[in-house]
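K.L.:
here are the coordinates; sequence isn't available:
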């Protein structure tokens, strides 16, 4: 119990209390929080996938693979055969792009090859609109 010790007002009436009673507000907020927690569905940490059953059929025709090696000194090899720079590589890429079924290009740059040489070869491949490209031998860069 508490007692208000102070000067009484002139009229003798007790002073009006200005503080807000926050207990009902907190009770309502807690009830709303509990209702929200109860109504939210449980989140599942799995993704449902419908995967095909069985083995896929083997490809009818094995794809042709063209291996392009870029050596440390900037030399370019087309299936192990030296190519005299980018101007000589362009016609080979154009003929590969003109085929009915484009061959797969496996580009293998040497670890010490200059970046601009590798970028120039990749740009030449893109200019000739070849789409089946793979960079192989990336384990040497780890």
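P.N.:
Thanks, I have it. Just so you know, these numbers come straight off a predicted model, no measurement behind them. Numbers count the residues shown, from 1 in each chain.

K.L.:
show me the strands in the protein, by range?
P.N.:
In the chain, the strands defined using DSSP state E lie at 65-70, 76-78, 81-83, 104-109, 133-135.

K.L.:
winner for burial among these?
P.N.:
Among the strands of the chain, ranked by average contacts under mean count of other Cβ atoms under 10 Å, first place goes to strand 104-109 (a mean of 20). Where you see a C-beta, it was placed from the backbone N, CA and C, and this is true even at glycine.

K.L.:
quick one: work out the angle between it and strand 65-70.
P.N.:
Interaxial angle of strand 104-109 relative to strand 65-70 (axes from the mean of the first three to the mean of the last three Cα atoms, to 10 degrees): 20 degrees.

K.L.:
which residue is nearest the middle of the protein?
P.N.:
For the chain, the residue nearest the mean C-alpha position is residue 47 (17.6 Å; Cα atoms, centre = their mean).
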